[in-house]
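A.B. asks: Give the three-dimensional model of this entry:
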Amino acid sequence: MTLFSLLIVDDHKHLAESMALTIPWERYEVTRVLQAYSGTEAVEALQDGDIHILLTDIRMPGMSGLELIERAQKLAPGIDCILLTGHTQFEYAKRAVELQAIDYLVKPVRHEELLRVVETIIQRRKARLREQAELELLYETNRHLPQLRADLLAAKTDAELAVLEERDRIAGDIHDIVGHTLTATLMQIEAAKLLLARGEREGMQRLEKSQQLLRKSLDGIREAVGMIKKPDDADDLETGLQAFIEEAKHTANIAIDYRIELASPVTDPDLCKVLSHALREGVTNGIRHGGSLSFRFQLIQRGGLLRFSLWNDGTPYDGQSQGTGGLGLTAMRERIVRLGGTMRLVASAEPPGTLLELRIPLC
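C.D. replies: The predicted model follows:
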C-alpha cells in the first residue's frame, strides 16, 4: 500500500492542531501529518522531509499561502496543494488556483469536504504512480528487448546445431548397425554353407538366424532414418542461407545486408553444412558477444573458389570474444580445413567491427 504525508499550515495553531488530530487520516492512507504555524516553518518542513500534500491558509503574516505554494512547488516538484480561503478572498484565490492548478476550500472547512478533496488528490497521485511504474517497466522491457531477441535467436540456433549433430550421431549409428549386422550375417551364412554341405539340419537354423539378423537390422535402420529425416530441409544452400537471414532479422531485430552469387547450386552436403554453420555461428556470436546490430554477408563464387565474408558492427574481435558458444572457433576451423579451406577472424578498422572470412575450394 502506498503511504502519503500531509503538511498543515495555519497561523492559528488551534485550527492546525484540530485538523491534524481529529481527522482520521489513516483511513485515507495519510500516515504522516505535520504542522507548521507560519510560511517560514512550512518551508523548513518541506526542506527536511518528503511532503506529498500541502494544506495552507491563504492569509498568514510574513508569507502568504500563495507565496508558500510557489516556494513549495520549487522545493518539492509534484506536490499537491490545497488552499484555505475566507469568503472575502474567494475571487482572488480562485484566480490563483486557475493559474497554478491547485485545489481550494472556503472557510470554515467541514471535515467531509476536506477529506473528499484529499481523497481525490490521493487517487490522482496513485494514478500518476501507476503510470510512472508502467512507463518504467515499458522502458526496461524495450531496453532489454534486443538482447532477449538475440538470446532467442541464439537458443534456436544452438538447438538446430544440436539437432544437426544428433543427426550425425544417428548416421554413425546406422553405419554401426549395418556393419555389425552384415558381419554377423556373413558369418552365419558361411557356417550354414558348411553345415548344409554335410547335410546337417543346423545349416537351415543358421540361415533362419541370418534372416532374423537382417530383419532386425532393417528395423533399426528404418527407425534411425525416421529420426534423421527433416522435412523442412532447404532445397539448396542459397535457399537455406536466405531463410536463416530472414529469420534472424525478424527474431533478433537486426539488419543483415547480403549478397549471394553462385555460378551453380552448391550441393555437397559437407560444404553446405560448413557454410550454414559458419553463418549461424557468426551472427549468433556477433550478437551475443559483440552486441552487434548490423551485419554484412557475402558468399561469392569465383572460378573454383567460394569466398565467404561476414562483417558486424559489434565490439571488435580481440582474440577471445565472438568465438565461444555453439561449435566454437576451433570446430569451425577444423571443418573448413578438412575441406581444404582457410578461415580468418579479425577486427576491422574501417568500418570498425569484426570480420569473418572463409576461402573454400570447390571440388
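A.B. asks: CA only for contacts and neighbour counts going forward, please
C.D. replies: Fine.
A.B. asks: Walking through the stretch 1-150 of the chain, point out its strands one by one.
C.D. replies: Counting by DSSP state E, counting those that start in this stretch, the stretch 1-150 of the chain has strands at residues 4-9, 30-36, 53-57, 80-85, 103-106.
A.B. asks: Quickly run through the sheet partners of the last one, with directions.
C.D. replies: For strand 103-106, the paired strands and their directions (DSSP bridges) are strand 80-85 (parallel).
A.B. asks: pLDDT weak spots in the stretch 1-150 of the chain?
C.D. replies: Low-confidence segments of the stretch 1-150 of the chain (pLDDT under 70): 1-2, 87-101, 138, 141-150.
A.B. asks: for it, what spans make up the helices?
C.D. replies: 13-22, 39-48, 65-75, 90-100, 111-197 (DSSP state H, counting those that start in this stretch).
A.B. asks: What does the pLDDT read for residue 276?
C.D. replies: For residue 276, the pLDDT comes out at 90.
A.B. asks: how many other residues sit next to it?
C.D. replies: Counted with other C-alpha atoms under 10 Å, residues neighbouring residue 276 total 18.
A.B. asks: how about it, secondary structure?
C.D. replies: The assignment at residue 276 comes out as helix when based on DSSP: H, G, I helix; E, B strand; the rest coil.
A.B. asks: Which helix or which strand is home to the nearest residue in space to it that is not next to it in sequence?
C.D. replies: Nearest residue to residue 276 in three dimensions, chain neighbours excluded: residue 241, at 6.5 Å (C-alpha to C-alpha, 6 or more residues apart in numbering). If you go by DSSP states H and E, residue 241 is part of helix 237-252.
A.B. asks: Give me the helices and strands touching that helix, please.
C.D. replies: For helix 237-252, the packing partners by 3 or more C-alpha pairs under 8 Å, 6 or more residues apart in numbering; DSSP states H and E come out as helix 111-197, strand 255-261, helix 269-290.
A.B. asks: in the last one, what counts as buried?
C.D. replies: It stands for helix 269-290. By neighbour count on 16 or more other C-alpha atoms under 10 Å, the buried set for helix 269-290 is 271-272, 274-290.
A.B. asks: Need the residues that contact the helix or strand following it.
C.D. replies: Next helix or strand after helix 269-290 toward the C-terminus (DSSP H and E): strand 294-302. Strand 294-302 is contacted from outside by 254-263, 283, 306-314, using C-alpha atoms under 8 Å, 6 or more residues apart in numbering.
A.B. asks: are any of these buried, and which?
C.D. replies: Buried among the contacts of strand 294-302 by 16+ other C-alpha under 10 Å: 254-256, 283, 306-314.
A.B. asks: could these go into CSV alongside pLDDT?
C.D. replies: Shown next, in CSV, are the buried ones among the contacts of strand 294-302 (pLDDT from 0 to 100):
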residue, pLDDT
254, 86
255, 93
256, 95
283, 87
306, 95
307, 96
308, 97
309, 97
310, 97
311, 96
312, 95
313, 93
314, 90
